[in-house]
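# Build the 3D model from these lines:
(4 chains)
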Protein chains: 2
Amino acid sequence: MIRDVDWSLYRSFLAVMEAGSLSAAGRRLRISQPTMGRHIRTLEAALGQSLFLRTPDGLSPTDAALALMPHAEALADAAGALTRAASGGRDAMEGSIRIAASEVTAAEILPPIVRGMMDRWPGLVIELAVSNSDEDVMRRAADIAVRMAAPRQDALVAARIGGFELGLYSHPAYLRGRPAVERAEDLRGHRLIGFDRPFAYTDIFRVAGKRIARDDFALRSDSDMAQLAAIRAGCGIGVCHAPLSGGLVRLLPADFAPEVEMWLLMHPDLRSLSRFDHVFAYLADALARHIAGPGGAAAPAS
Amino acid sequence: MIRDVDWSLYRSFLAVMEAGSLSAAGRRLRISQPTMGRHIRTLEAALGQSLFLRTPDGLSPTDAALALMPHAEALADAAGALTRAASGGRDAMEGSIRIAASEVTAAEILPPIVRGMMDRWPGLVIELAVSNSDEDVMRRAADIAVRMAAPRQDALVAARIGGFELGLYSHPAYLRGRPAVERAEDLRGHRLIGFDRPFAYTDIFRVAGKRIARDDFALRSDSDMAQLAAIRAGCGIGVCHAPLSGGLVRLLPADFAPEVEMWLLMHPDLRSLSRFDHVFAYLADALARHIAGPGGAAAPAS
DNA sequence: TATCTGCCATTCATATATGAATGATCAGGG
DNA sequence: CCCTGATCATTCATATATGAATGGCAGATA
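Residues are numbered from 1 along each chain as shown, chains lettered A, B, ... in the order given. Below is the predicted model:
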């Protein structure tokens, strides 16, 4: 039976897993390479199994180490959340807050809102994490998340911000000189932009009842931001949030107009620290304005 | 900005929170009281806020410390999960496994099953944790959980074991010399056993359409085990799993027979360690047998 | 009041962990 | 071929963290 493993050994373990070598891990944690080596040796002794194979250019993890990796990450998430939670006074608007959002949200929607928050509360440090699952909040990898679907975990603090439409859009420069798109069939022969791997949106992508599949796309990317940029650059026709479609031409509005919900999520353990509540309320308000109309970047009233 | 807080300081923090004094926390972690005191002082300095008020009979946590507590618990859960995951060889049936179940399940259903597992795999160490939420598995406070409802978190490995009936039961000794219970109205004037605080079952407790509320109970307990024991002791009439009703008399079977589902849950990060898979499969099989019939305690075929 | 038993803070000698320096090894590039 | 730039392992002096012992304090108990 294994008892009393020092938690900082786990930290060193994770650093070595991520950095790939004792030296690199040591640099990251600001401890020396010999010490890092001793930590790993101590941990291996405590766990009774070997975790790495020493090679001339680093340590390569054994299967056992790989199996422990997700647990070590969970530990790091929890430690990070604890550090963030403690990073300000209990009621002061100071300290770090980590916000998770999709790429498009982080790049197109949040910046002016975040700016408003930073102006209002100069003591806040905002971390923007790009990711796409409510898991992040559950796992404490983020404090607050902006999501485009109702939460599947009902242990979270959740607020429905509102709904907005997705639409098929294209840049005028792309459409110039190409056949007009007036009926669903006209999409054939056009360049479509879509997702690479199957995704939550995969099922939404139906035009006039017909599902558009992976093979129909001429440009595939799992990054929603890359897709949006491609549409704007005139690469073809793709899906885009209606509130973000300035300068683009909407196509087939009658055939493709799925409604998407925006939600804001927070881990309940953060409620006792008031700055998380304030930021949550601020974000909810500002995002609702963004959805409601074009002037959405203005600071909320509250 | 707070950086680089040694994770073992968090461990000392949690120990002091739980133990209530430096000395007690030190005993628990097998470190001396002065060292514990230094850890707390170091942590307070690192976080820039005071966490405890020193009193003659212990340390009392500040609000800031209370707010950090759930995060520290999450950290401890993750560390425990990591330690358990590492507590055996990668493919060997050795090491610790923590199973969460309700009191009745842990006391009435699991013991013979667990015994079968221990006989079959002598190297296993089983920890039985009594609790009632799928959260436990999500939070890694347990590796595998037996639950009486479909999981609400869809990030978990889940297996539906089967359904069984709840029924109203009483001990013959209680019924002797009392008015017979043949129609729903006959329950009036009888002693009912039920839950104290509102609960998932609260809504299920309807007899012939009429909801039985908290005030109708003559004996209230939030412990399902205590309820079962009370029924068996002849205290009155209560709800009990049909498969556990041996020796009891069923009442109003036509009016009260809700179906309950049994589920088995596991954290996906454990799949790469085969002993968790094996135990999961063993439990699923054995529990299905328990539900299916009276001979359910026999070892599964697999 | 006197006594006992928890608790925390301080001291100081000691055990422990750490880092700088060094050497050995391997891979890639001129 | 012989550098250069990575890596890890070892050594040893030093810094750091630790524990035993002690004292003081407050609240029980008699």
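# tell me, how many neighbours does the closest residue to A:Leu59 other than its chain neighbours end up with?
Distance criterion CB to CB, 6 or more residues apart in numbering or on different chains; nearest residue to A:Leu59, sequence neighbours excluded, is A:Phe52 at 3.8 Å. C-beta here means a position set from N, CA and C on the backbone, and glycine is covered the same way. Neighbours of A:Phe52 under the rule other CB atoms under 10 Å in any protein chain shown: 23.
# Do I have it right that A:Phe52 meets A:His39?
No - in this structure A:Phe52 lies outside contact range of A:His39 using CB atoms under 8 Å: 11.5 Å.
# got a list of what the residue lying closest to A:Pro172 once chain neighbours are set aside touches?
The shortest distance from A:Pro172 to any non-neighbouring residue, by CB to CB, 6+ apart, is to A:Val249 (5.7 Å). By CB atoms under 8 Å, 6 or more residues apart in numbering or on different chains, A:Val249 lies in contact with A:169-172, A:175.
# Inside strands: which ones of the residues you listed?
Using DSSP state E, the members of these that fall in strands are A:169-170.
# Tell me the one of the contacts of A:Val249 nearest DNA strand C?
A:His171 (41.8 Å; CB to the nearest atom of the strand).
# how about the closest one, what does it touch?
So A:His171 contacts A:231-234, A:247-249 (CB under 8 Å, 6+ apart).
# any idea of the pLDDT on it?
Here the pLDDT value assigned to A:His171 is 96.
# how close does the residue nearest to A:Leu59 sit to A:Ala25?
11 Å (CB to CB, to the nearest Å).
# who touches both of the two?
Common neighbours of A:Phe52 and A:Ala25 (CB under 8 Å, 6+ apart) are A:Val16.
# Could you confirm whether the helix or strand hosting A:Glu261 reaches chain B?
A:Glu261 is part of strand A:259-266, with elements assigned from DSSP states H and E. No - Strand A:259-266 does not reach chain B (CB under 8 Å from any CB of the partner chain); its nearest approach is 13.3 Å.
# is chain B contacted by whichever helix or strand comes after that strand?
Note on strand A:259-266: by DSSP H and E, the next helix or strand toward the C-terminus is helix A:274-292. No - if you take CB under 8 Å from any CB as the test, helix A:274-292 misses chain B, and the best it gets is 9.6 Å.
# Pull out the buried residues from helix A:274-292.
Buried positions in helix A:274-292, judged by neighbour count with 16 or more other CB atoms under 10 Å in any protein chain shown: A:274-276, A:278-280, A:282-291.
# Just give me how far that helix sits from the chain centre.
Centroid separation for helix A:274-292 versus its chain: 18 Å, with CA atoms, centre = their mean, to the nearest Å.
# list the helices and strands that helix packs on?
strand A:95-101, helix A:110-120, strand A:144-147, strand A:157-170, strand A:259-266 (3 or more CB pairs under 8 Å, 6 or more residues apart in numbering or on different chains; DSSP states H and E).
# So which of these is nearest DNA strand D?
strand A:95-101 (24.0 Å).
# now the residue of the stretch 151-300 of chain A at minimum distance from DNA strand C, nearest residue through space, not along the chain?
With CB to the nearest atom of the strand, the shortest gap between the stretch 151-300 of chain A and DNA strand C falls at A:Ser272, namely 23.8 Å. Among residues not flanking A:Ser272 along the chain, B:Ala67 sits closest, at 4.3 Å (CB to CB, 6+ apart).
# That's all I had, so thanks and see you.
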